[in-house]
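*Asks:* Based on what follows, work out the 3D shape:
(2 chains)
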Amino acid sequence: MDEETIIIPPEDVEIIDASEYREELTEHFGQVPEVAKPLLKGAKTAFSKIEKALYTAPAFINAVKAAVPDVTLQAVLTDEQKQQIAKGALKLMTKKDGSLMANLINPETKKIVTTIPLKSVQMAPEMTQAMTSFSTQMQMAQIAEEIQAVQLAVEEVRMGQEYDRLATAYSCQQKLLQAMEIKNSELKAMALMQLAAAAEDSRNLLMLSQKSNVEFIKEQPENFIQKILSGAKPEKINGRMSEIRESLCAVNMVSFAEAMAYQELGEHEAARKSLTYYAGFIEDTYTSVPGLVQRLDLIDPAPENYWSKTLPDISEKIKALPSVPDTKLLEPKRSRRKKK
Amino acid sequence: MKKESDVRVCKNKKCQKVLPAGYKHRYCEACRNKHAQTAKNVLRGIGAGAATVASVAVVVVTGGKINPKK
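*Replies:* Have a look, this model is predicted:
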């Protein structure tokens, strides 16, 4: 049996310029008339269906071939007969037109020595095997689709949790605005205390989710080959960056809502402490990690270098807040005790 | 004059983000992520097409002669 090897000479190798390729079909068509736009929308779905059909093609072809019976006859020669044919002592009988017959003849005497028994061989692949491989392939495709659906569902749950945290933060802002309008001083103090507690809970939840998103960004490979092999899709990375931005805005807002609540209650030290905690979070998560802020600027699709401008600014402004002497309230009590 | 030319920007005309000093690449990381995704899709398409053509060719050429039971 001859081995058929496909040899491609180097001059026939075409180097593909990947810059011409686009992921989105719409990027290939600049101006499309209104009539053709529904066709463009359906085209992407059609192409993905074609791709899936191509994957199942080999098993399908095998199954179709198994359905069509294909039988051939094979000559059965003993080892001795094969040796004699190889030596030239015997040869296959031929007709005048050159076609072979199932007889062995002596080339010298031209007399028939023996007849060759024939065996029927089934050429078509086994039906059960072919159907099994086809059904296995279809099942694998279904399993892959199910896994994708589960991944989407998990992502939706994660986004739902993020929205819950953001909703709690924005509700703290509204609670502050409403509490400032309360006339009764006792009720106002109670509302502000509850607000401060809720704000602290909310921002800690946001801080933790922000840290996990920052970890995701940090884990993305920087090398181009590693990005191809194990990097996340740009849409996912951009989604996480948007979440970090929105979460940082919410933490900023909630921190100041809490500080203003304490200020309104006359608790300046508590206000400063809550802001210092926020500054510590910024430093711990962003500014103390070498190169992270620059990397966030480079990864963020927005061109304005938001991170390197905003983050150090927040930290510096909090540190620049005036400090309040902390022993004022305690001193009069101590002096009273000493006098006694 | 030299200081102005030292400020590097991303080579993508639609991006033009300022690149920090010491950054090795010509494109920002956001643009490089897009290029990596495009390359991944191209390789995936070529690989899937080649694998399909090769397996169809094997099935047609062998015609199911290869029987694991024998």
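*Asks:* C-alpha from now on. contacts and neighbour counts both.
*Replies:* Will do.
*Asks:* low-confidence ranges in chain B?
*Replies:* Scanning chain B for pLDDT under 70 picks out the ranges B:1-5, B:59-70.
*Asks:* same thing but at 90, please
*Replies:* Applying pLDDT under 90 to chain B flags residues B:1-27, B:38-70.
*Asks:* Would you mind naming what in it lies close to chain A?
*Replies:* B:15-20, B:28-30, B:32-34, B:36-42, B:48, B:52, B:55-56, B:59, B:63-65, B:67 (C-alpha under 8 Å from any C-alpha of the partner chain).
*Asks:* any idea how far the residue nearest the centre of chain B lies from residue A:284?
*Replies:* Geometric centre of chain B, nearest residue: residue B:39, 1.4 Å, by C-alpha atoms, centre = their mean. Look at residue B:39 and residue A:284: by C-alpha to C-alpha, to the nearest Å, they are 36 Å apart.
*Asks:* same question, residue A:259
*Replies:* For residue A:259, the distance to residue A:284 - C-alpha to C-alpha - is 20 Å.
*Asks:* For those two, indicate the residue with more neighbours.
*Replies:* Neighbours per residue (other C-alpha atoms under 10 Å in any protein chain shown) separate residue A:259 from residue A:284, with residue A:259 holding more: 23 against 12.
*Asks:* pLDDT score for that one?
*Replies:* With respect to pLDDT, residue A:259 scores 93.
*Asks:* For it, list the residues it contacts.
*Replies:* A:196, A:270-272, A:274-275 (C-alpha atoms under 8 Å, 6 or more residues apart in numbering or on different chains).
*Asks:* Tell me which helix or strand it sits in.
*Replies:* helix A:234-264 (DSSP states H and E).
*Asks:* Now that helix: buried residues?
*Replies:* A:234, A:237-238, A:240-241, A:243-245, A:247-248, A:250-263 (16 or more other C-alpha atoms under 10 Å in any protein chain shown).
*Asks:* quick one: that helix to chain centroid distance?
*Replies:* Computed by C-alpha atoms, centre = their mean, to the nearest Å, the separation of helix A:234-264 from the middle of its chain amounts to 25 Å.
*Asks:* following that helix, which helix or strand shows up next?
*Replies:* helix A:268-282.
*Asks:* Just the buried residues of that next one, please?
*Replies:* A:268-272, A:274-276, A:278-282.
*Asks:* JSON lines for those residues, including distance to residue A:144?
*Replies:* Formatted as JSON lines, the buried residues of helix A:268-282 follow (distance: C-alpha to C-alpha, whole Å):
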{"residue": "A:268", "distance to residue A:144": "58"}
{"residue": "A:269", "distance to residue A:144": "57"}
{"residue": "A:270", "distance to residue A:144": "54"}
{"residue": "A:271", "distance to residue A:144": "53"}
{"residue": "A:272", "distance to residue A:144": "53"}
{"residue": "A:274", "distance to residue A:144": "48"}
{"residue": "A:275", "distance to residue A:144": "48"}
{"residue": "A:276", "distance to residue A:144": "49"}
{"residue": "A:278", "distance to residue A:144": "44"}
{"residue": "A:279", "distance to residue A:144": "45"}
{"residue": "A:280", "distance to residue A:144": "44"}
{"residue": "A:281", "distance to residue A:144": "41"}
{"residue": "A:282", "distance to residue A:144": "41"}
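*Asks:* between the residues you listed, which is closest to chain B?
*Replies:* Of all those, chain B sits closest to residue A:282, with 21.1 Å by C-alpha to the nearest C-alpha.
*Asks:* Do I have it right that the closest one meets residue A:311?
*Replies:* Yes - between residue A:282 and residue A:311 a contact is recorded at 7.1 Å, counting by C-alpha atoms under 8 Å.
*Asks:* how about the lengthiest helix in chain B: buried residues?
*Replies:* In chain B, taking DSSP state H as the definition, the longest helix is helix B:29-62. For helix B:29-62, burial by neighbour count (16+ other C-alpha under 10 Å) applies to B:29-42, B:48, B:52, B:56, B:59.
*Asks:* can you state the direction angle for that helix and helix A:234-264?
*Replies:* 150 degrees (axes from the mean of the first three to the mean of the last three C-alpha atoms, to 10 degrees).
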